[in-house]
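# Got a predicted structure here, sequence first:
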Amino acid sequence: MSRGSRCTLGLLLLICVGAAATRPAPDESLAAANGTCLSRVEPFGYKCEEHTVTTEDGYILSLQRIPSGRGGASAASGGGKVPVLLQHGLMMDGLTWLMNSPNESLGFILADNGYDVWIGNTRSTVYSLGHTSLSSSDPAYWDWSWDELASNDLSAMMQYVYDQSNQQKVHYVGHSLGTLIALAALSDQQEHIGMMRSAGLLSPIAFLNKVSSPLALGAADVFLAEALYWLGLDEFDPTGTAVHNLLTGICKLPGVDCYDLLNGFTGDNCCLDSSSVQTFLAHEPQASSTKNMVHLAQMIRRGIIAKYDYGDASDNIKYYGQATPPVYNVSAIPDDFPLFLSSGGRDSLSDVQDVQRLEHALQSHDSDKLTFQYLADYAHADFVLAGNAKERVYQALMAFFRLQEK
């Protein structure tokens, strides 16, 4: 088996075994009824609004809006404050941006600094399970990959925030998979450019063939994503019995240390505290589609950013009009579109070599519109969970935002 094949399954793990073993599957109706506003935002003294938007293919997505900081003036409907849309990563949801204290969580920090904060939740997460005609128990509900997150989910949320903000251009912040769908959308759907003021990409994911996590490499030998897909398990539910049993087996493989799953998978995170990790374990990971996992596996094997490969030339021709999936060309992102990329030297998923390849692909970008930040001691989870991320990352990100607002 090639190194690319051995790497395939790393993206699937995301501490699934540990989380599934420490908590039952969430009560989806209860979680949806309570919502992020009631459970995580309002208890800290912030105003919060629950919103929904429906995608072109019928998924009903949840968004939360924090229109003001504690004690501050709210952004009235239609206006005034600059909107920011925050987008989570793989098997996460919008709580990503609220897991620490208000002084440490980006969602609260942006609100306290005068921004109109919007938090997105992609399809299949606990607050975005709805569909206009399908149930999450229907196999067709899970027939999507990150292609649809870029073309449909991100598009719907961006348009909604733009319209609700009286057509003010929106800053975007993504973490992990949230960066990949932004890069794909910006390179493939130029209409997004007109609604966006800038994009901040934390732990950027684009090229994936240098994934270095030892836990991921051990998991890859099981060939998990493809096995589940062809077995007909359309939903990849990390709290489900099938996934739990398979991943438990991975932890028994020689050389795989599952004692510290978070660091073992994402890299040696420098700056997490126990309270944020406990909040994470109480709520994450979220379900995804197995097709999405297969798509990520294809990226690792081939070292390119391309649409989902149906595995047969005739099927690809049916969907794309060509025998091979179209490639996303990040070099096609307009050179004057403002980008902020922050990466870590210990990140096992957004590997240093892969980020350097992304930087090379953006080499024609206007120098005053492109900012790279490198934190040698940061790993994948630090960018959203570290207690010092405000000082290390978020202040620089907001300074970048302010430059684009002049």
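Done, it's in.
# use CA for all of it now, contacts and neighbours both
OK.
# tell me, what residue is most central in the chain?
Nearest residue to the geometric centre of the chain (Cα atoms, centre = their mean): Gly89, 1.7 Å.
# can you pull the contacts of that one?
Contacts for Gly89 (Cα atoms under 8 Å, 6 or more residues apart in numbering) come out as 174-179.
# Drop anything exposed from the residues you listed.
Neighbour-count burial (16 or more other Cα atoms under 10 Å) applied to the contacts of Gly89 gives 174-179.
# Take those residues and keep only those in helices.
Of the buried ones among the contacts of Gly89, the ones assigned to helices by DSSP state H are 177-179.
# Show me what the host helix or strand of Ala111 is packed against.
Following DSSP states H and E, the helix or strand that holds Ala111 is helix 106-112. The helices and strands touching helix 106-112, judged by 3 or more Cα pairs under 8 Å, 6 or more residues apart in numbering; DSSP states H and E, are strand 59-66, strand 116-120.
# Report how many residues lie close to Leu233.
Counted by other Cα atoms under 10 Å, the residues lying close to Leu233 total 19.
# Kindly list the single helix or strand of this structure that scores lowest on mean pLDDT.
In the chain, the helix or strand scored least confidently by mean pLDDT, DSSP states H and E is helix 3-7, which has a mean of 33.
# doesn't Asn316 make contact with Tyr310?
Yes. Using Cα atoms under 8 Å, Tyr310 is in contact with Asn316, at 5.9 Å.
# Spit out the contact partners of Ser213.
If you count contacts by Cα under 8 Å, 6+ apart, Ser213 has them with 10, 264-267, 348-349.
# Between all of the residues you listed, which two are separated the most?
Taking Cα to Cα, the two most distant members of the contacts of Ser213 are Gly10 and Gly267; they sit 11.8 Å apart.
# Could you point out which residue ranges in the stretch 201-350 of the chain have low pLDDT?
For the stretch 201-350 of the chain, applying pLDDT under 70 flags the ranges 214-231, 246, 250, 253-261, 284.
# at 50 instead, please
Filtered on pLDDT under 50, the stretch 201-350 of the chain yields the residue ranges 220-221, 223-224.
# Helices along that one, start to end?
Per DSSP state H, counting those that start in this stretch, the stretch 201-350 of the chain carries helices over the ranges 214-220, 224-230, 241-250, 261-266, 274-283, 290-302, 313-320.
# Reformat these as TSV; add mean neighbour count and distance to Ser101.
Compiled in TSV, these are given as follows (neighbours: other Cα atoms under 10 Å; distance: least, Cα to Cα, whole Å):
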stretch	mean neighbour count	distance to Ser101
helix 214-220	24	30
helix 224-230	19	35
helix 241-250	16	31
helix 261-266	23	20
helix 274-283	15	9
helix 290-302	23	32
helix 313-320	14	45
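# Okay then, goodbye and thanks.
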